[in-house]
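> 3D, please:
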Amino acid sequence: RNNIFLFIILFQIIITLSNFDTSDEKLNYYKSICQSEAEWLWSQQLPNGAFAFYYHNNGEVSVNPYFSETVAIALINYDNSKDSKKKIEKYFDWHFSHLNNKTYDINNLEGTIYDYKYKLNNGKIIEESTSKKYDSTDSYAALFLKALADYAKNFGIDKTKGYILNNANSINQIVNVILSTMVYDFSYAKPNYKIIYLMDNCEVYSGLKSAEFLYSNIIKTRNDLLKSVKYKIEYFDNNFDKDWWKNDHYASILNKDRSEYTHINFTYSQFYPSATSQLLPFNFELIDPFSNEHAQIVYKKMGEYWKWEEMDYFKRNESDFYWTNFALFASVFKDQKKLDKYLIEYQKIVDNGRKYPLYSSESGKILLAVNKMINYIIDERSNQVNLIDNIKEENNLFYIFIIILLISMLIGISTFLNTRRNHKKDLSV
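Below is the predicted model of the structure:
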């Protein structure tokens with residue numbers, strides 16, 4: 001039995017080694033990208049703690065809480081230093097201090113937050129204004145809850161418990177913002193815009209899971225909210241795939257009766273909102289990318305209709321933005337080759353001075369994607385070390401010899417194929 005077990009694990013590692021680069025060179029390459037993105041993202045933080053959509057030292061700067069939250073999530077998951085913790089808490093302070101009460105909110109819903117604009121003079125804020133608008137209430141609330149939960153997980157509950165408890169009342173309001181738009185069990189965008197979007201609901205699921213973590217581990221005085229959150233999560237887990245899956249895709253918009261909203265006919269050839277919406281169930285961990293058969297259909301279809309790893313949608317003017325969600329899409333599916341191709345295209349944007357239409361949230365998704373791939377490499381290395389340790393415990397040098405032999409064969413085959421490919425290119429020239 002032990003021999004069979006070792007052979008199974010050995011086979012898995014050999015397959016991984018042939019498709020997955022875990023070298024120091026690759027790891028250092030990814031680390032350098034993360035460092036570059038993090039440095040730029042920190043430079044987007046205003047003196048009051050908010051993260052700008054795109055920072056300017058002088059003139060008007062926009063702050064969209066939804067995009068700011070993505071920046072915070074990316075930085076929290078990458079940098080767990082003391083300095084990072086202080087900066088993140090400063091951002092949280094800004095967000096909490098700008099929550100609307102019932103009378104100030106356009107929908108009489110406390111716990112929401114508007115988009116803001118700031119006028120800067122040599123980096124100093126001289127004016128704050130808001131048009132009293134938000135694109136949604138459910139997604140704004142959900143991503144902020146994810147940022148809070150990730151903050152507690154990455155910096156440690158002992159070090160973050162006090163801050164979260166001090167803001168528990170505001171957190172309760174934010175959770176109620178999500179619950180208030182879930183009258184159909186799934187969520188609509190905001191009280192005055194009752195459209196059930198796929199994107200919003202994937203984010204809402206992430207927010208609910210985050211709220212569950214906060215109420216289960218830190219804020220233990222609101223069993224009523226914890227019960228409501230758990231019910232909604234259970235509904236998602238049991239019904240999402242069944243209700244949203246339509247033939248070969250997830251509906252980008254759902255009607256109340258769970259039928260697909262057909263005023264926008266779904267087709268993978270339509271970049272937005274059809275194709276782009278398909279990324280979210282996986283990027284927000286609602287659907288497992290490997291065990292769910294629908295996941296493989298979506299990933300294959302996306303590759304058939306778009307060379308997204310080459311940013312062809314942007315080059316063909318199908319989008320005004322870079323949609324770096326695709327980098328995270330590649331990482332979630334552990335597709336290192338497509339991620340690397342995507343990063344080549346992204347590096348051109350960086351080398352060109354990070355000019356608009358690159359904005360802070362897009363950079364944040366690059367940081368999330370590459371950091372996730374780094375963690376995969378670290379896990380893979382650990383698995384390999386554990387296998388060797390198991391073999392050593394068995395005192396079975398034969399298996400070590402087999403590993404070395406098979407790895408050598410893979411390297412030899414790879415070298416031969418590359419040489420042959422280059423030779424063909426030379427002949428064609």
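
> mind listing the helices for the stretch 201-350 of the chain?
Secondary structure of the stretch 201-350 of the chain, counting by DSSP state H, counting those that start in this stretch: helices at 223-244, 276-277, 280-283, 293-305, 312-315, 325-332, 336-351.

> just say which of the ones you listed is most tucked in.
Each of these was scored by mean neighbour count; the highest is helix 325-332, a mean of 25, by mean count of other CB atoms under 10 Å. Bear in mind the C-beta positions are built from the backbone N, C-alpha and C, glycine included.

> so what secondary structure elements neighbour it?
Under the contact definition 3 or more CB pairs under 8 Å, 6 or more residues apart in numbering; DSSP states H and E, helix 325-332 sits against helix 280-283, helix 336-351, helix 360-393.

> can you rerun that using 10 Å?
Counting contacts by 3 or more CB pairs under 10 Å, 6 or more residues apart in numbering; DSSP states H and E, helix 325-332 packs against helix 276-277, helix 280-283, helix 293-305, helix 336-351, helix 360-393.

> out of the ones you listed, nearest to G162?
Closest to G162 of those is helix 360-393 (CB to CB; 26.6 Å).

> can you list the buried residues in that closest one?
Using 16 or more other CB atoms under 10 Å as the test for burial, helix 360-393 gives 360-374, 376-377, 380, 384, 387, 391.

> coming back round to it: I'd like the helices and strands packed on helix 325-332 written out as JSON lines, with distance to W244 and mean pLDDT added.
Shown next, in JSON lines, are the helices and strands packed on helix 325-332 (distance: least, CB to CB, whole Å; pLDDT from 0 to 100):
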{"stretch": "helix 276-277", "distance to W244": "10", "mean pLDDT": "97"}
{"stretch": "helix 280-283", "distance to W244": "8", "mean pLDDT": "97"}
{"stretch": "helix 293-305", "distance to W244": "9", "mean pLDDT": "97"}
{"stretch": "helix 336-351", "distance to W244": "25", "mean pLDDT": "98"}
{"stretch": "helix 360-393", "distance to W244": "22", "mean pLDDT": "84"}
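
> all strands of the stretch 51-200 of the chain, in order?
Using DSSP state E, counting those that start in this stretch, the strands of the stretch 51-200 of the chain run over 59-63, 116-121, 124-129, 196-197.

> just say which of these is most tucked in.
Mean neighbours per residue, mean count of other CB under 10 Å, is largest over the strands of the stretch 51-200 of the chain for strand 196-197, with a mean of 24.

> do you know how far the closest residue to H98 other than its chain neighbours is from L368?
Nearest non-adjacent residue to H98, counting by CB to CB, 6 or more residues apart in numbering: I113, 5.5 Å away. Taking CB to CB, to the nearest Å as the measure, I113 falls 22 Å from L368.

> kindly report the same for I73.
7 Å.

> can you check A72 too?
A72 is 11 Å from L368, by CB to CB.

> E212 contacts R222, doesn't it?
No. The pair E212 and R222 does not pass the contact test of CB atoms under 10 Å, sitting 11.6 Å apart.

> mutual contacts of those two, please.
Common neighbours of E212 and R222, using CB atoms under 10 Å, 6 or more residues apart in numbering, are V175, V229.

> which stretches of the stretch 1-150 of the chain have low pLDDT?
1-19 (pLDDT under 70).

> which residue sits closest to Y184, ignoring its sequence neighbours?
Leaving aside its chain neighbours, Y184 sits nearest to K256 (5.3 Å; criterion: CB to CB, 6+ apart).

> what about that neighbour, neighbour count?
Counted with other CB atoms under 10 Å, the neighbours of K256 add up to 11.

> next one, pLDDT for it please.
pLDDT recorded at K256 is 90.

> correct me, but it touches D243?
No. Applying CB under 10 Å, one finds K256 not in contact with D243, separated by 11.2 Å.

> need the overlap of contacts for the two.
Residues within reach of K256 and of D243 at once, by CB under 10 Å, 6+ apart, are F186.

> tell me the contacts of the residue sitting nearest the centre point of the chain?
Centroid-nearest residue in the chain: N283, 5.2 Å away (criterion: CA atoms, centre = their mean). Contact analysis of N283 by CB under 10 Å, 6+ apart lists 199, 202-203, 206, 289, 325-326, 328-329, 331-332, 365, 368-369.

> and of those, the nearest to Y54?
Nearest to Y54 out of the contacts of N283 is K365 (CB to CB; 14.9 Å).

> ok, that closest one - contacts?
Contacts of K365 (CB under 10 Å, 6+ apart): 37, 70-71, 73-74, 283, 322-329, 331.
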